[in-house]
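[1] Provided below for reference: sequence and predicted model.
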Amino acid sequence: MIDWNPLILTFQLALITTILLLIISIPLSYWLANTKSKIKPVAETLVSMPLVLPPTVIGFYMLLAFSPSNAFGNWLDQWLGLRLVFSFEGLVLGSLIYSLPFMVHPIQAGFANLSPALKNASYSMGKSKFTTLTRVLLPNIKPSLITGIILAFAHTIGEFGVVLMIGGNISGQTRVASIAIYDEVESLNYGAANTYSLILFGITFLILLMVYLINGGYFNKTRQHD
């Protein structure tokens, strides 16, 4: 009998992270796709660094920054009552940073590939920038939005190094499925590790399959044939 709490916690983390990333990434991606600012390469580099940095590096510096023994972490704890180290909130923050490029890159590409005529036509009709973004541009990059959402969700499910460093291994609070698999392997409990792994494998396979089906236009082609 396996403990389902790590799986439940994993999907809670992935859901919360994905929602927050979508809110953050839409304006950030729009800015990156349209800005001519000199700091754009720096911003793109910072967004993309989680793709190449070992997750333990990100987790280590987050652990240092938010530890109550350091000035910033102590300030968060004393003044805001926010302790991010070894907490679910810390897992969310670590996941936001580590999964950010998986949400930003597809949405940025979607904005960049839109014809400027769409935006100009909306402005010429007196629509505001916000209305143009929400009513004109976003509906035209639905595949990019769906891809970003699915990739960010799937990537958060598979996190290990960041969540281990910032969250530790607290049952019911920070012990997500990837940590549970590591624990079971260390305990030579391969049956439980296999169960956790199969569940994650199956779910991530289905999630990624959806990305390829959507991007390949499979559903649209099926409807057209019908």
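    Here it is on my side, so go on. Everything quoted here is computed from the prediction, not taken from an experiment.
[2] tell me how far the ends of stretch 184-193 are from each other?
    5 Å (Cα to Cα, to the nearest Å).
[3] what does that stretch rub up against?
    With Cβ atoms under 8 Å, 6 or more residues apart in numbering as the contact definition, stretch 184-193 has outside contacts at Ile2, Ala180, Ile181, Tyr196. Quick note: C-beta positions are derived from backbone N, CA and C, even for glycine.
[4] now for these: which two are most distant?
    Ile2 and Ile181 (10.7 Å; Cβ to Cβ).
[5] what sits in contact with each of these two?
    Common contacts of Ile2 and Ile181, defined by Cβ under 8 Å, 6+ apart, comprise Tyr196.
[6] higher neighbour count, these two?
    Counted by other Cβ atoms under 10 Å, Ile2 and Ile181 do not tie: Ile181 has more neighbours, with 19 against 16.
[7] next structured bit after the helix or strand harbouring the more buried one?
    Using DSSP states H and E, the secondary-structure element containing Ile181 is helix 177-186. Heading C-terminal from helix 177-186, the first helix or strand you meet, by DSSP H and E, is helix 190-215.
[8] from the chain's centre, how far out does that next one sit?
    Centroid displacement of helix 190-215 relative to its chain, using Cα atoms, centre = their mean, to the nearest Å, is 17 Å.
[9] in the protein, which spans are helices?
    Counting by DSSP state H, the chain forms helices over residues 5-34, 40-48, 55-66, 71-80, 88-112, 116-124, 129-131, 142-157, 161-167, 177-186, 190-215, 218-225, given from the N-terminal end onward.
[10] return the most buried member of these.
    Between the helices of the chain, the one whose residues have the most neighbours on average, counting mean count of other Cβ atoms under 10 Å, is helix 161-167 (a mean of 25).
[11] which secondary structure elements does it contact?
    Other helices and strands packing on helix 161-167, by 3 or more Cβ pairs under 8 Å, 6 or more residues apart in numbering; DSSP states H and E, are helix 55-66, helix 88-112, helix 177-186.
[12] how about a cut-off of 10 Å?
    Here helix 161-167 touches helix 5-34, helix 55-66, helix 88-112, helix 177-186, going by 3 or more Cβ pairs under 10 Å, 6 or more residues apart in numbering; DSSP states H and E.
[13] how about CSV for the helices of the chain, with mean pLDDT added?
    Formatted as CSV, the helices of the chain follow (pLDDT from 0 to 100):
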stretch, mean pLDDT
helix 5-34, 95
helix 40-48, 95
helix 55-66, 89
helix 71-80, 83
helix 88-112, 94
helix 116-124, 88
helix 129-131, 88
helix 142-157, 91
helix 161-167, 89
helix 177-186, 92
helix 190-215, 87
helix 218-225, 50
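[14] returning to that earlier point: which of the helices and strands packed on helix 161-167 sits closest to Tyr123?
    Closest approach to Tyr123 among the helices and strands packed on helix 161-167 (Cβ to Cβ): helix 5-34, 13.1 Å.
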